Each structure stands twice: as structure tokens, then as C-alpha cells.
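Visitor: I would like the atomic coordinates for the input below:
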Amino acid sequence: MSKFLSRYLNVEFEVTSYEAQENGEPVQILSHEALENIVHNLAPKELKLRYDFKDMLISDHHCVICCTFQDADGRRIQSIGETVLATLETDIARNYPAVMAAQRAFDRGAIRYFDFP
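Guide: Numbers count the residues shown, from 1 in each chain. Got it, this is the predicted structure:
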């Protein structure tokens, strides 16, 4: 378990993460499941946080999806998730490029909304 500080809320969330290397330095990475847990279970309920998706482009070779997060105070964050065949590394991902684009849009939007490092 790792703690991630939301600079927007000034709240720490304790979730499972994994370690990766960036520029030769170890960094903790939030998984999609951890971000979903934060949004659905750990975020303060008074935020009334909601999100929705908008398909921008869906094809077998290229998908672009926009995810918009909005709270009761009017804070609104939009983020794009995109896939092309070259970025889909597993057979499952190649079979569901729109799902992968939606996950990327959600993850980027959640990270930006909470202002995680």
C-alpha cells in the first residue's frame, strides 16, 4: 500500500500501487483499479464527483475518448484517452481498443482532477 496526496483536496489516499522506473528513478504508479477505488469509494461524498465519457473517434485502428470529471463546486476536468494498434501491447487490449481508450481517459482525468503528483 502507498499513500498518494491529492494536492487539490489536501487528502492522502492509501491504495495499492506498483513501482516503475522513470529516468532511472523509482516512481510509484497508480493502477486503473486504484483510481477507480479512489473515485468510487474513497473520495469525500460531499464532492458529488461524477464523470462521463464522449466517443470522439472509434475504429478498429484508432480510438479517441474524452472523459469529463465534475464536482458539486463546478470543478471540471476533461481528459483524452487514445489508442492506436502500436500502443496496444496485449491480445486483450488489441481486441478492445475503445475500452483501453476509455480507461486511459478516465485515469488521466482522475489524476488531473485530484492533482496527484
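
Visitor: where does this protein have low pLDDT?
Guide: Nowhere does the chain drop to pLDDT under 70.

Visitor: mind checking how far the longest helix that it contains is from the chain centre?
Guide: Determined from DSSP state H, the single longest helix within the chain is helix 97-114. With Cα atoms, centre = their mean, to the nearest Å as the basis, helix 97-114 stands 4 Å off its chain's centre.

Visitor: using PDB, list the CA coordinates for the helix or strand harbouring Ala34.
Guide: Element membership for Ala34 (DSSP states H and E) is helix 32-37. Output of helix 32-37 as PDB, limited to C-alpha atoms (Å, rounded to 0.1, in the frame of the first residue of the first chain):
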ATOM      1  CA  HIS A  32      -6.600   1.900 -13.100                       C
ATOM      2  CA  GLU A  33      -8.200  -0.200 -10.300                       C
ATOM      3  CA  ALA A  34      -6.700   2.000  -7.600                       C
ATOM      4  CA  LEU A  35      -8.000   5.200  -9.400                       C
ATOM      5  CA  GLU A  36     -11.500   3.600  -9.700                       C
ATOM      6  CA  ASN A  37     -11.400   2.800  -5.900                       C
END
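
Visitor: next secondary structure after it?
Guide: Counting by DSSP H and E, what follows helix 32-37 is strand 50-58.

Visitor: buried set for that following strand?
Guide: Tyr51, Phe53 (16 or more other Cβ atoms under 10 Å). To be clear about C-beta, it is placed using only N, CA and C from the backbone, and glycine gets the same treatment.

Visitor: tell me the helix or strand right after it.
Guide: strand 62-70.

Visitor: can you tell me the strand partners of that next one and which way each runs?
Guide: Take DSSP bridges as the rule and strand 62-70 pairs in its sheet with strand 50-58 (antiparallel), strand 76-84 (antiparallel).

Visitor: what's in contact with it?
Guide: Outside strand 62-70, the residues within contact range by Cβ atoms under 8 Å, 6 or more residues apart in numbering are 49-58, 75-84, 97-98, 100-102, 104-106, 108-110, 112-113.

Visitor: perfect, I'm done here.
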